[in-house]
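**Q** Okay, predicted coordinates and the sequence, questions at the end:
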There are 2 protein chains.
Amino acid sequence: MSSLPAGDKRAVVLLSGGIDSATVLWLAKSRGYVLFAMTFDYGQRHRMEIESAAKIAKSAEVQEHLVFSLGMHLIGGSVLTGTGEVPKDRLDGVGGGEIPVTYVPARNTVFLSIALSWAEVLGAGYVFIGAHAVDYSGYPDCRPEYIQAFQSMADLATRRGVEGDPIKIEAPLIDMNKSEIIKLGAVLGADFSITTSCYDPDDSGKACGRCDSCLIRKRAFGHSGIEDPTVYLEQ
Amino acid sequence: MSSLPAGDKRAVVLLSGGIDSATVLWLAKSRGYVLFAMTFDYGQRHRMEIESAAKIAKSAEVQEHLVFSLGMHLIGGSVLTGTGEVPKDRLDGVGGGEIPVTYVPARNTVFLSIALSWAEVLGAGYVFIGAHAVDYSGYPDCRPEYIQAFQSMADLATRRGVEGDPIKIEAPLIDMNKSEIIKLGAVLGADFSITTSCYDPDDSGKACGRCDSCLIRKRAFGHSGIEDPTVYLEQ
C-alpha cells in the first residue's frame, strides 16, 4: 500500500465495462486508492456494458459503484446511441485517423465533467480514465493534448482548483496499445472474462466478432499472447 | 438579420429560467441565430425553474427546447440539489469572493459539455451561456479565464475542432453586473415576469424574497430603474 496524504486516498474511476477501464480500475487499486467507480447509462444500445461494469466493480471491491443515467440518445449523433448500422469487418479502417461513426460527440468531455463533479463532492484527488490514443486515433477526445486541456480547464472549474489543490485527471494508458493494456491488466489481476467490448452484441449478450471493437479486441489478445476468454458469434 | 455562413446559423443556448439566461437567449435571437434552448433537470429543488425555462423558450420562438435529465442529486454537494438549508438574509456576504454552499460542483462544466455535444450533433457553431463574474465572484466556473479554458479544451474535444472550425463558447454577459443585464434584456424584449430566480420558492412557486438569489435580483432591479415584476413572499 502506498501512503497517500489524507483526502487524496480516493479516486473516481470511469468504468465502461471494457478492457481499458477494467485495467485502469485495477491499476488505481494497485496504487492503494479507495475506489469510486462511475458508469454511464447513456442510452447505449449494448446494455451488456453496464452489467459488465457492475461485475468488474465488484471484483475490484470498490467502495461505491455509481451508475449515472444520461439521456445522450436525446442528442443522438452516433450509431452507438441511435439506430444506424454498426460498421462490420473493416479492421483495416480502424485506427486510421478518420473519425468513425461510432464516435459519440464530446463523450469523454461529458463523462469527465460529471466525474470531476463527483470527485469534488467526495473529496477525491483523482479521476482515472482509460482513454488511449493508439488504437483510437480517430477519436479527438482520446488524445494526450485533449486530456491536458481538460486538466487545465478543471484546474479553473472547481473549488479545489481555486484553493490550489486541483483534482488530477489520470489517463495512464494514453500511450499504450491494446495488447500492452491487456498484458498490464492481466498482471494486475483484472478478469477479462467479465468485460464487454462488442458494439453490437446479440440479445443474449454474445459478442458479434465483426464490429471494430471486436476486431480490435481479437487482434490485441492475439498480439498479447494471452488467451481471449470471449465467446464470439463469428470467429 | 445578420448573414451568417451556412451551418453557423444555429446556436445552442443554456436556459436556466433565470434573468441571465433569458437575456442571453434574446441576445442570440437578436443576432439572427436559429435557437436551440437546453435546460437541465438536475434534481434541483426548485422545479419552477424548468417551467419558467419552457415559457421563456416559447416566448423567444426557439426551434427546439430540450429538457435534459441529469442525476446530479446522486452526486450531491450543494444545498441546491440536496436537503441542506438555503442561506437567507445575507446580502452583504453575496459576491464576497467566498464559494457559497449553493455552488454545485463543476456545474457549468457539466452543462457546457453536454451543450457542446448537442451543438456538434446539430451542426451548431455556437454555445451561449449566461455566466457572469460580477455578482457571482464566488463561483469558480463563472470567471472569464474558466470560459477561455473550456474553449481551449472544446477546440481539442470535437470533430469540428479537429477539422479547424471549432464550436465557439459565447459568454457575452461575463463582465456585466445584474442590473446591466436586466437593462440589456429589457431592451432586447425579454419578459422577466416569466423568469425565476429564487433558490427556495414556496409550493405555489412564489419567490421567498430572502435567499441570495432573490436579494441579488431585488437589488439589481432597484439599480436598473426597471420595475421588478416578481411577487415575493417577503419584500
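**A** That came through fine.
**Q** C-alpha from now on. contacts and neighbour counts both.
**A** OK.
**Q** Mind naming the longest strand for chain A?
**A** As assigned by DSSP state E, the longest strand anywhere in chain A is strand A:34-41.
**Q** Name the residues that touch that one?
**A** A:9-16, A:25, A:28-29, A:50, A:53, A:57, A:62-70, A:111, A:115 (CA atoms under 8 Å, 6 or more residues apart in numbering or on different chains).
**Q** Now do the strands in chain A.
**A** Using DSSP E, strands in chain A cover A:10-14, A:34-41, A:64-69, A:126-128, A:168-170.
**Q** Single out the most deeply packed of those.
**A** Mean neighbour count (mean count of other CA atoms under 10 Å in any protein chain shown) peaks for strand A:10-14 among the strands of chain A, with a mean of 27.
**Q** Going by contacts, tell me the helices and strands next to that strand.
**A** Applying 3 or more CA pairs under 8 Å, 6 or more residues apart in numbering or on different chains; DSSP states H and E, we find strand A:10-14 packed against helix A:19-30, strand A:34-41, helix A:107-122, strand A:126-128.
**Q** now check the last one, is it near chain B?
**A** If I follow you right, that is strand A:126-128. No. Using CA under 8 Å from any CA of the partner chain, we find that strand A:126-128 stays clear of chain B, coming within 13.5 Å at best.
**Q** Listing partners with orientation, what would you give for that strand?
**A** Paired strands of strand A:126-128, with direction, are strand A:10-14 (parallel), strand A:168-170 (parallel) (DSSP bridges).
**Q** That one - what's its average pLDDT?
**A** Mean pLDDT, strand A:126-128: 98.
**Q** End to end on stretch A:139-147, go ahead and measure it.
**A** Length of stretch A:139-147, first residue to last, CA to CA, to the nearest Å: 12 Å.
**Q** so how far is that stretch off the chain centroid?
**A** Put simply, stretch A:139-147 sits 13 Å off its chain's centre (CA atoms, centre = their mean, to the nearest Å).
**Q** Report the separation between A:Ser224 and chain B.
**A** From A:Ser224 across to chain B, the span is 30 Å (CA to the nearest CA, to the nearest Å).
**Q** Show me which positions of the helix or strand bottoming out on mean pLDDT in chain A end up buried.
**A** The weakest-scoring helix or strand in chain A, judged by mean pLDDT, DSSP states H and E, is helix A:72-75 (a mean of 81). Judged by neighbour count (16 or more other CA atoms under 10 Å in any protein chain shown), helix A:72-75 contains these buried residues: A:Met72, A:His73, A:Ile75.
**Q** Tell me the spatial nearest neighbour of the last one, not counting adjacent residues.
**A** Distances taken as CA to CA, 6 or more residues apart in numbering or on different chains place B:Trp118 nearest to A:Ile75, at 5.5 Å, with adjacent residues excluded.
**Q** Distance check, that neighbour against A:Asp155.
**A** Taking CA to CA, one finds B:Trp118 at 24 Å from A:Asp155.
**Q** With A:Gly225 instead?
**A** A:Gly225 is 41 Å from A:Asp155, where distance means CA to CA.
**Q** okay, the two: which has more neighbours?
**A** Set A:Gly225 next to A:Asp155 and count neighbours by other CA atoms under 10 Å in any protein chain shown: A:Asp155 wins out with 23 against 11.
**Q** Now do the same for the more buried one: its pLDDT.
**A** 96.
**Q** Ignoring the adjacent residues along the chain, who's closest to it?
**A** A:Gly161 (4.5 Å).
**Q** you'd agree that neighbour is up against A:Gln151?
**A** No. Counting by CA atoms under 8 Å, A:Gly161 does not reach A:Gln151; the two are 10.2 Å apart.
**Q** about what we covered before: which one of the strands of chain A lies closest to A:Pro105?
**A** A:Pro105 lies closest to strand A:34-41 among the strands of chain A, at 14.8 Å (CA to CA).
**Q** Report how many residues lie close to A:Glu234.
**A** Using other CA under 10 Å as the criterion, the residues surrounding A:Glu234 number 9.
**Q** Check the gap between it and A:Lys88 for me.
**A** 12 Å.
**Q** cool, and A:Gly76?
**A** 21 Å.
**Q** Give me the more crowded residue out of these two.
**A** Of the pair A:Gly76 and A:Lys88, A:Gly76 is the one with more neighbours under other CA under 10 Å, namely 19 against 16.
**Q** Just confirm the more buried one contacts B:Ala119, I think it does.
**A** No. Contact criterion CA under 8 Å: A:Gly76 and B:Ala119 do not qualify, at 10.8 Å.
**Q** Show me which residues of chain A sit near chain B.
**A** A:68-71, A:75-77, A:99, A:105-107, A:109-110, A:113-114, A:116-118, A:120-121, A:140-141, A:145-146, A:149-150, A:152-153, A:156-159, A:162.
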